[in-house]
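K.L.:
Sequence and computational prediction follow.
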Number of protein chains: 2
Amino acid sequence: MVHLSGIKAQNLTEKGVKTRMKILETAEQLIGEKGYYETSIAEITVKANIAQGTFYIYFSSKKAVFDELVYQLSSDFRYHIKIAMEKEDTFEAKQRAGFLAFFEWVTKHRNLYSIVQQAVVVDEKLYRAYYQKIAAGFITSIGKAMEAGECKSLNVETVAYCFMGVGQFIGMRWVVWRDQLVPNDVFEEAMEILFNGLTHKGGKKNWRISRTGYTNEQ
Amino acid sequence: MVHLSGIKAQNLTEKGVKTRMKILETAEQLIGEKGYYETSIAEITVKANIAQGTFYIYFSSKKAVFDELVYQLSSDFRYHIKIAMEKEDTFEAKQRAGFLAFFEWVTKHRNLYSIVQQAVVVDEKLYRAYYQKIAAGFITSIGKAMEAGECKSLNVETVAYCFMGVGQFIGMRWVVWRDQLVPNDVFEEAMEILFNGLTHKGGKKNWRISRTGYTNEQ
């Protein structure tokens, strides 16, 4: 279910809120499965069982529905993640709760991945803004943990994008492709990689390419 | 530059190989920037400066060009990664060299991300196959490292998707969005997260949600 933001819902009647929501839910399904360019407003209205004129009361164009869809989906899962994280105390417990909340949310919104990935050509600014907003949330929570000494002081944005990448790929592989929650052992080991590191504990090795890798040394 | 696979190139004259390559390079640019559905064969032929009839000597449809593009781009960067990894000895040095080779390759093929992400609606099987093929490479190299005791014995597929996620997101944020190589400090810290872990060294903590997270306990 797509939730309405307060600002936009406040001017609508209860019936209006429901109709607008029906349009967004139908668009979520059609654009997610068939794609933005292959979905028409006519198809959305037929499937949502509303008149084409009614569509235009709520949205000025297909692009407007798409924008709202990306905005609402993003707000919705970030809200769920926030609530889940607030229940926990430590940096690591918060992050784990956030990942779990995201994966659980995706089981009900499998088309999120497809819709967001289409934004790369439908509206690249929207696409970047989507990830930058998620990154901003990570940056805040990771930054606090660094200040509190709960995690190493690394570049907070680097850590944020590593976390986002792991979340997206684990979610893609298990939740979206398999239509199930992330198996417990997969979740635990992904967290182990992020929080405890992959290799055996020990001193840092001298990487043969670590200092020269960018100068393309042969 | 898109490289031809041997099998398909062997039936073409030298001029034919060049024409086919020109079509693929033009499609890489147009489909990457405007999108698959917004790009027509007519546009590809005009921009590539070839007759529309000539297009059909090489490809039966726009979809055939798209499939070949995903295949060629994927083969091409996996080849570069393979060469880079072969020069190194240890698991970690190989992986780092592989990441660097990928990022360097993406600076010349920034539209890879867009093209692959479009496959999620153009052809979802192709999309999954693309990632599964990359995963297979990681699984082989990580599996060998686990056997040799060079890294912890975790679920090899979990590790593979974590690595892929980190690679994709660091590449997106710095190479694709900034049009530059990944800054050295970002690269080093991303590797540190993957190989040495984010948190201070120490015993594993008791996560409050680790055992119950999947049962949705309130």
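P.N.:
Ah, there it is.

K.L.:
Could I get the contacting residues of A:Glu189?
P.N.:
If you count contacts by CB atoms under 8 Å, 6 or more residues apart in numbering or on different chains, A:Glu189 has them with B:Leu154, B:Asn155, B:Thr158, B:Val159. All C-beta spots, glycine's among them, are computed from the backbone N, C-alpha and C.

K.L.:
filter these down to the ones near chain A?
P.N.:
Under the cut-off given by CB under 8 Å from any CB of the partner chain, chain A has B:Leu154, B:Asn155, B:Thr158, B:Val159 from the contacts of A:Glu189 close to it.

K.L.:
And the spatially most central residue of chain A, which helix or strand is it part of?
P.N.:
By CA atoms, centre = their mean, the mean C-alpha position of chain A lies nearest to A:Ser74, the distance being 5.9 Å. For A:Ser74, the host element (DSSP states H and E) is helix A:62-86.

K.L.:
Give the buried residues for the one helix or strand A:Lys94 maps to.
P.N.:
In this assignment (DSSP H and E), A:Lys94 forms part of helix A:91-108. Within helix A:91-108, the residues scored as buried using 16 or more other CB atoms under 10 Å in any protein chain shown are A:91-106.

K.L.:
circling back to that earlier point, tell me which of the ones next to chain A among the contacts of A:Glu189 is nearest to A:Ile81?
P.N.:
In terms of CB to CB, no member of the ones next to chain A among the contacts of A:Glu189 lies closer to A:Ile81 than B:Thr158, at 21.2 Å.

K.L.:
Count the residues that sit near the closest one.
P.N.:
Neighbourhood size, B:Thr158 [other CB atoms under 10 Å in any protein chain shown]: 25.

K.L.:
Contact partners for it?
P.N.:
Taking CB under 8 Å, 6+ apart as the test, what B:Thr158 contacts is A:Ile170, A:Asp185, A:Val186, A:Glu189, A:Ala190, A:Ile193.

K.L.:
what's the angle from the helix holding A:Lys94 to helix A:62-86?
P.N.:
140 degrees (axes from the mean of the first three to the mean of the last three CA atoms, to 10 degrees).

K.L.:
Between helix B:111-122 and the following helix or strand past helix A:91-108, find me the angle.
P.N.:
Downstream of helix A:91-108, the first helix or strand assigned by DSSP H and E is helix A:111-122. Put simply, helix A:111-122 runs at 130 degrees to helix B:111-122, going by the same axes, to 10 degrees.

K.L.:
Report all helices and strands that helix A:111-122 contacts.
P.N.:
If contacts are counted by 3 or more CB pairs under 8 Å, 6 or more residues apart in numbering or on different chains; DSSP states H and E, helix A:111-122 sits against helix A:14-33, helix A:62-86, helix A:124-147, helix B:111-122.

K.L.:
Pipe those into TSV and attach distance to B:Ser141 per row.
P.N.:
Shown next, in TSV, are the helices and strands packed on helix A:111-122 (distance: least, CB to CB, whole Å):
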stretch	distance to B:Ser141
helix A:14-33	34
helix A:62-86	33
helix A:124-147	28
helix B:111-122	21
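
K.L.:
Kindly present these as JSON lines, with separate columns for distance to A:Lys47 and mean pLDDT.
P.N.:
Output for these, formatted as JSON lines (distance: least, CB to CB, whole Å; pLDDT from 0 to 100):
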{"stretch": "helix A:14-33", "distance to A:Lys47": "5", "mean pLDDT": "95"}
{"stretch": "helix A:62-86", "distance to A:Lys47": "13", "mean pLDDT": "97"}
{"stretch": "helix A:124-147", "distance to A:Lys47": "24", "mean pLDDT": "95"}
{"stretch": "helix B:111-122", "distance to A:Lys47": "17", "mean pLDDT": "95"}
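
K.L.:
give the contact list for A:Thr39.
P.N.:
By CB under 8 Å, 6+ apart, the residues touching A:Thr39 are A:Ala27, A:Leu30, A:Ile31, A:Lys62.

K.L.:
Thought A:Val70 was touching the third one, still the case?
P.N.:
By that I understand A:Ile31. No - at 9.9 Å, A:Ile31 does not count as touching A:Val70 under the criterion of CB atoms under 8 Å.

K.L.:
rewinding a little: comparing the helices and strands packed on helix A:111-122, which stretch has the densest surroundings?
P.N.:
Stretch with highest mean neighbour count among the helices and strands packed on helix A:111-122: helix B:111-122 (a mean of 22; mean count of other CB atoms under 10 Å in any protein chain shown).

K.L.:
Which SSE is immediately downstream of the host helix or strand of A:Val166?
P.N.:
When elements are assigned from DSSP H and E, A:Val166 belongs to helix A:156-170. Sequence-wise, the next helix or strand downstream of helix A:156-170 (DSSP H and E) is helix A:177-178.

K.L.:
quick check: angle from the next helix or strand along the chain from that following helix to helix A:156-170?
P.N.:
Next along the chain after helix A:177-178, taking DSSP H and E as the criterion, comes helix A:184-196. On the basis of the same axes, to 10 degrees, helix A:184-196 is oriented at 170 degrees to helix A:156-170.

K.L.:
Now find how far off-centre helix A:184-196 is within its chain.
P.N.:
Distance of helix A:184-196 from the chain centroid (CA atoms, centre = their mean, to the nearest Å) equals 19 Å.

K.L.:
how is chain A carved up into domains?
P.N.:
Using automatic domain parsing, the domains assigned to chain A come out as A:12-59, A:62-196.

K.L.:
Please name whichever of the ones you listed is nearest to B:Gly35.
P.N.:
Taking the domains of chain A one by one with CB to CB, domain A:62-196 is closest: 3.4 Å.

K.L.:
that older thread, I'd like to know which of the contacts of B:Thr158 are buried.
P.N.:
A:Ile170, A:Val186, A:Glu189, A:Ala190, A:Ile193.

K.L.:
Surely the last one is in contact with B:Val156?
P.N.:
No - because the distance of 11.9 Å does not satisfy CB under 8 Å, A:Ile193 is recorded as not touching B:Val156.
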